[in-house]
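*Asks:* What shape does this take:
(one chain, ligands or ions: 1)
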Amino acid sequence: METTIALNTGARMPMLGLGLYKMSADGEAENAIRSAAMIGYRLFDTASVYKNEDATGRGIAACGVPREELFVTTKVWNNAQRIGNIESAFERSLDRLGLDYVDLYLVHWPVPGCYLDTWRVLEGLYRSGRARAIGVSNFNEYQLDDLLLHADVVPAVNQIEYHPLFNQDGIRRFCQQNGIVVQAYAPLARGAYLDRDVLRVIAEKYHRSTAQVGLRWILQKGCPVIPKSTREDRILENSQIFDFELDPMEMEAIDSLNENYRSASIPEDLL
Ligand SMILES: NC(=O)c1ccc[n+]([C@@H]2O[C@H](COP(=O)([O-])OP(=O)(O)OC[C@H]3O[C@@H](n4cnc5c(N)ncnc54)[C@H](OP(=O)(O)O)[C@@H]3O)[C@@H](O)[C@H]2O)c1
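*Replies:* Prediction:
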């Protein structure tokens with residue numbers, strides 16, 4: 001399996017990245033980035049709402065990997081999705097990250113009545129080269145249809161919750177048919193599936209952990225993963241997913257675990 005995937009921009013995105021949600025800015029994020037970079041991670045996923053873009057920037061600067069080999073993602077939060085605010089929110093993210101471009105800038109959530117205008121601004125950022133790719137997150141099929149109808153630039157990525165307990169195969173297929181990469185967030189369901197017997201049996205066969213089997217199942221669906229861990233041993237464990245392969249029966253057995261379980265909550269301002 002390839003360790004990168006082609007985006008519709010022509011760029012390649014790593015199939016594995018480090019998620020930074022909930023990492024504190026007082027050294028935790030920097031240490032995790034340094035460990036991950038040493039292990040071979042090249043993609044780091046943050047967001048303005050995570051309040052650790054500055055720490056992410058410091059981690060990236062200190063990790064010893066040249067900027068052009070890294071893939072940095074951040075996202076515009078819901079309360080900035082008003083015309084006139086989005087570009088300045090982007091500038092502030094760049095400042096905090098200490099970067100002059102990001103590799104991927106995402107609309108964090110589809111704010112009703114706003115996301116089409118937000119997308120227009122992101123298209124401008126893409127054309128300026130300061131966002132090398134633009135995409136969306138948490139968009140369903142209906143919202144993507146709406147966006148595709150109005151957009152000049154097709155999103156490169158839709159970052160959604162995707163794991164064995166929340167097998168969003170409808171939206172995954174729709175995106176893949178439209179040249180949009182589905183990047184799986186909360187790929188470990190924040191630990192919720194790690195004790196499942198189906199996964200334990202498969203994990204034993206390959207001498208792997210259930211976390212590695214879950215991540216591998218996602219990769220074999222064609223989706224990149226961004227597991228979060230602050231622990232070096234787990235950052236390493238989560239990266240060891242490219243050297244074994246699940247067979248079709250194992251893939252199907254894991255498919256059957258789906259229960260539409262969502263581990264990430266929908267922000268209150270969208271309810
Ligand atoms: N776009 C969005 O709306 C959105 C929403 C949610 C998340 N995300 C992105 O996706 C990333 C990942 O999602 P997530 O952080 O919500 O959840 P996750 O990656 O599914 O799970 C993280 C949790 O699992 C633990 N963990 C990590 N590796 C493990 C392993 N090998 N064995 C057992 N436990 C393990 C971590 O604890 P330790 O740190 O203690 O190891 C942490 O508590 C986020 O960090 C963020 O970048 C995006």
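*Asks:* dump the residue contacts of the residue in the chain that the ligand sits nearest to.
*Replies:* With CB to the nearest ligand atom as the measure, Gly19 is the residue of the chain nearest to the ligand, at 2.3 Å. In this view, the C-beta of every residue, glycine as well, is placed from N, C-alpha and C. Applying CB atoms under 8 Å, 6 or more residues apart in numbering to Gly19 gives the contacts 45, 185, 226-228.
*Asks:* try Val76
*Replies:* The neighbours of Val76, taking CB under 8 Å, 6+ apart as the test, are 48, 86, 89-90, 93, 105-108, 118, 122.
*Asks:* Among the residues you listed, which ones lie close to the ligand?
*Replies:* For the ligand, the contacts drawn from these by CB under 6 Å from any ligand atom are His108.
*Asks:* Can you add pLDDT and give the contacts of Val76 back as a markdown table?
*Replies:* As requested, these are exported to a markdown table (pLDDT from 0 to 100):
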| residue | pLDDT |
| --- | --- |
| Ser48 | 98 |
| Ile86 | 97 |
| Ala89 | 98 |
| Phe90 | 98 |
| Ser93 | 98 |
| Tyr105 | 98 |
| Leu106 | 98 |
| Val107 | 98 |
| His108 | 98 |
| Thr118 | 97 |
| Leu122 | 98 |
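*Asks:* Buried by neighbour count, from the contacts of Val76: which ones?
*Replies:* When the contacts of Val76 are checked for burial by 16 or more other CB atoms under 10 Å, the buried set is 48, 86, 89-90, 93, 105-108, 118, 122.
*Asks:* Now do the same for the nearest residue to Asp269 once chain neighbours are set aside: its pLDDT.
*Replies:* Leaving aside its sequence neighbours, Asp269 sits nearest to Asn78 (CB to CB, 6 or more residues apart in numbering; 5.5 Å). Reported pLDDT at Asn78 in the predicted model: 95.
*Asks:* who are the neighbours in contact with Pro110?
*Replies:* 136, 138-140, 143.
*Asks:* wait, isn't Thr9 in contact with Gly135?
*Replies:* No: judged on CB atoms under 8 Å, Thr9 makes no contact with Gly135 at a distance of 9.9 Å.
*Asks:* more crowded one of the two?
*Replies:* A count of neighbours by other CB atoms under 10 Å puts Gly135 above the other of Thr9 and Gly135, at 28 against 18.
*Asks:* Contacts only, for Asn238.
*Replies:* Going by CB under 8 Å, 6+ apart, the list of residues near Asn238 reads 16, 188, 211-212, 215, 227, 229.
*Asks:* Now do the contacts for Ala55.
*Replies:* 23-30.
*Asks:* Kindly report the same for Thr56.
*Replies:* 20, 29, 33, 44, 46, 72, 97.
*Asks:* Quick check: buried residues in the helix or strand harbouring it?
*Replies:* Using DSSP states H and E, Thr56 falls within helix 53-62. Neighbour-count burial for helix 53-62, counted by 16+ other CB under 10 Å, picks out 53-60.
*Asks:* Next: stretch 15-29.
*Replies:* By neighbour count, with 16+ other CB under 10 Å as the criterion, the buried positions of stretch 15-29 are 15-21, 23, 25, 28-29.
*Asks:* can you give me the helices for the stretch 51-200 of the chain?
*Replies:* Remark: helices assigned in the stretch 51-200 of the chain by DSSP state H, counting those that start in this stretch are 53-62, 86-97, 115-128, 141-150, 169-177, 197-206.
*Asks:* Can you tell me which of those helices is most buried?
*Replies:* Burial of the helices of the stretch 51-200 of the chain is given as mean neighbour count (mean count of other CB atoms under 10 Å); helix 53-62 ranks first at a mean of 22.
*Asks:* and it with helix 86-97, angle?
*Replies:* Counting by axes from the mean of the first three to the mean of the last three CA atoms, to 10 degrees, helix 53-62 lies at 50 degrees to helix 86-97.
*Asks:* what about helix 53-62, distance to the chain center?
*Replies:* 18 Å (CA atoms, centre = their mean, to the nearest Å).
*Asks:* Give me the mean pLDDT for that helix.
*Replies:* Averaged across helix 53-62, pLDDT comes to 97.
*Asks:* anything in that helix near the ligand?
*Replies:* No: judged by CB under 6 Å from any ligand atom, helix 53-62 stays clear of the ligand, getting no closer than 10.2 Å.
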